[in-house]
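Asks: Kindly return the folded structure for what I paste below:
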Amino acid sequence: MRGVVGAGMLTLLQKELLRFWKVSFQTIAAPVLTALLYLLIFSHVLESRVSVFNGQVRYTDFLVPGLVMMSVLQNAFANASSSLIQSKITGNLVFVLLPPLSPLDMYAAYVLGAMVRGLVVGLGVFIVTLVLLPGPFHMAHPIVAIAFAVLGSAILGTLGVIAGIWADKFDELAAFQNFLIMPLTFLSGVFYSIHTLPPFWQALSHFNPFFYMIDGFRYGFFGLSDIDPGISLGLVAIAAIVLAAVALSMLARGYKLRH
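Replies: The predicted structure follows:
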C-alpha cells in the first residue's frame, strides 16, 4: 500500500483545495462576515450584562476564540461533506474510485482539504475581529490554541467524510448538519461559560465533545478554562483517532460508495 504522500493523494488534495478556493467569496469571505456579525451583535448586547472567568476577561474578548473555533469546525465539516455528496449525486465520484487510491489516500486528501478551509476561515475571523477589539490582544499559550485548532478541524473534516459517505442526498446531509453539528456547536460554550449555567446543564455540557475543543482553544488565548486543558486535549485526541478509524473503515469497505 502506498503512503499518504502518493501522487494520487496529492492530486485529490489539490482538487479539494481548488474546489473551495475558486469560490472563496462564498467559502471564506461569507463565513468571516457571519462571525463578524455575531461578534458585533452579541458584544453590543451582552458586554455589560455577562461576566466570564470572574470578570478576568471582557465578554467581547471571550467571544473571539469561540467564534474563531466555531468557524473552523463548521467550515471543515462543510468542505468534506459537501464535496463527497456532490460527487455522489453528480456521478463523478467514479473518477476518484477508479484510480488506485488507498483508503488512507482518500481520507487524507478529503480531511486535509477540509482542515485547510477551516483553518483559513478561522484565521480570517481572527484577523478581522482583532481590528475591532479595543487595546492589544495577547495570547497566553498560542501553541495550545494551534493544537486544538488542528485537532478540531481534523475531527470535523472526518465527520464531514463520514456524513458525506452516509448521506445519499442533500436532505440527509442537511439533517446531519442541522440536528447534530449545529446544536453541538452552539451548545459548546461559544457564547458563554458553562459556569453560568444551572448545574444540570453544566453536567450535560460535559457530554458535548465540541465543548472540549472550544474550551481548550480558549485556554490558549487566556490561560483560563472551564476544564483542565490536558483533559480536553486528551479527549479531543481520542475522538480524532476513533473517528478516523470509523472513516477509514467505511472507505475500505466502500460503504455507499461502490455499488
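
Asks: For the closest residue to L251 other than its chain neighbours, list the residues it contacts.
Replies: Leaving aside its sequence neighbours, L251 sits nearest to P103 (Cβ to Cβ, 6 or more residues apart in numbering; 3.8 Å). Any C-beta I mention is one placed from the backbone N, CA and C, and that applies to glycine too. For P103, the contact set (Cβ atoms under 8 Å, 6 or more residues apart in numbering) comprises 248, 251-252.

Asks: what helix or strand is the most centrally placed residue in the chain on?
Replies: Per Cα atoms, centre = their mean, the C-alpha nearest to the average position across the chain is that of L73, at 1.4 Å. Here L73 sits within helix 59-90, counting by DSSP states H and E.

Asks: Could you do L123 as well?
Replies: Using DSSP H and E, L123 maps to helix 103-132.

Asks: follow-up on the earlier one: which strands and helices sit next to the helix holding L73?
Replies: In terms of contacts (3 or more Cβ pairs under 8 Å, 6 or more residues apart in numbering; DSSP states H and E), helix 59-90 is packed against helix 7-21, helix 30-46, helix 103-132, helix 142-166, helix 170-176, helix 182-186, helix 209-222.

Asks: Quick check: the residue nearest to the centre of the chain touching S153?
Replies: Yes: in this structure, L73 is within contact of S153 by Cβ atoms under 8 Å, at 7.1 Å.

Asks: Now the common contact residues for these two.
Replies: G118.

Asks: related to what we said a few turns ago, L63: which of the helices and strands packed on helix 59-90 is closest?
Replies: Among the helices and strands packed on helix 59-90, the nearest to L63 by Cβ to Cβ is helix 30-46 (5.7 Å).

Asks: What are the buried residues along that closest one?
Replies: 31-32, 34-36, 38-39, 42-43 (16 or more other Cβ atoms under 10 Å).

Asks: what is the mean pLDDT for that helix?
Replies: Helix 30-46 shows a mean pLDDT of 89.

Asks: Tell me how far that helix lies from the chain's centre.
Replies: Relative to the chain's own centre, helix 30-46 is displaced by 18 Å; criterion: Cα atoms, centre = their mean, to the nearest Å.

Asks: Identify all contacting residues around that helix.
Replies: 59-60, 63-64, 67-68, 70-71, 74-75, 121, 124-125, 128-129, 132, 191.

Asks: mind redoing it with 6 Å?
Replies: The contact list for helix 30-46 (Cβ atoms under 6 Å, 6 or more residues apart in numbering) reads 59-60, 63, 67, 71, 75, 121, 124-125, 128-129.
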